[in-house]
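Asker: sequence and predicted structure below; questions after.
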Amino acid sequence: MLPKPQRLNLKKDFKWVSAGKRIDTKYMKLFIKMGDNLSARVGIAVSAQIFKKATQRNRARRITSTVFESLYAKLPSNINIVALPKDRVLEVKSGDILLDLEDTLKHEKIVD
């Protein structure tokens, strides 16, 4: 899990970021908004409509968190991201998700 200063925690922050740019990947939906923060911040929102059981929601959150921990050093410092994992997240390895996310962010010119 990312340290607290690197996470989005407040409901108003999630709403603010979700008004930003929307990007769909194979395994998650991302909302991205640039801000005036000093370090990148990531929030993960897991839907109970998609993941019916709490164990599925927790696993999806852990997998998504692990992917962003691996990618965090490459993110620009003023970025805010809200990630919504899709149900396919539970069916693949986190390495596949990381590659897909990295390719998408490179394509969108967010990371180098």
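Answerer: Yep, that arrived.

Asker: centre-most residue in this protein?
Answerer: Ala83 (3.1 Å; Cα atoms, centre = their mean).

Asker: other SSEs contacting the longest helix that the chain contains?
Answerer: Ranked by number of residues, the top helix in the chain under DSSP state H is helix 54-71. Counting contacts by 3 or more Cβ pairs under 8 Å, 6 or more residues apart in numbering; DSSP states H and E, helix 54-71 packs against strand 41-44, strand 79-85, helix 94-107. All C-beta spots, glycine's among them, are computed from the backbone N, C-alpha and C.

Asker: parallel or antiparallel, list what pairs with the second one.
Answerer: Translated: strand 79-85. Using DSSP bridges, strand 79-85 pairs in its sheet with strand 28-34 (antiparallel), strand 41-44 (parallel).

Asker: got the contact list for the shortest one?
Answerer: Right, strand 41-44. The contact list for strand 41-44 (Cβ atoms under 8 Å, 6 or more residues apart in numbering) reads 2, 5-9, 13-14, 17, 35, 61, 64-65, 68, 72, 75, 79-85.
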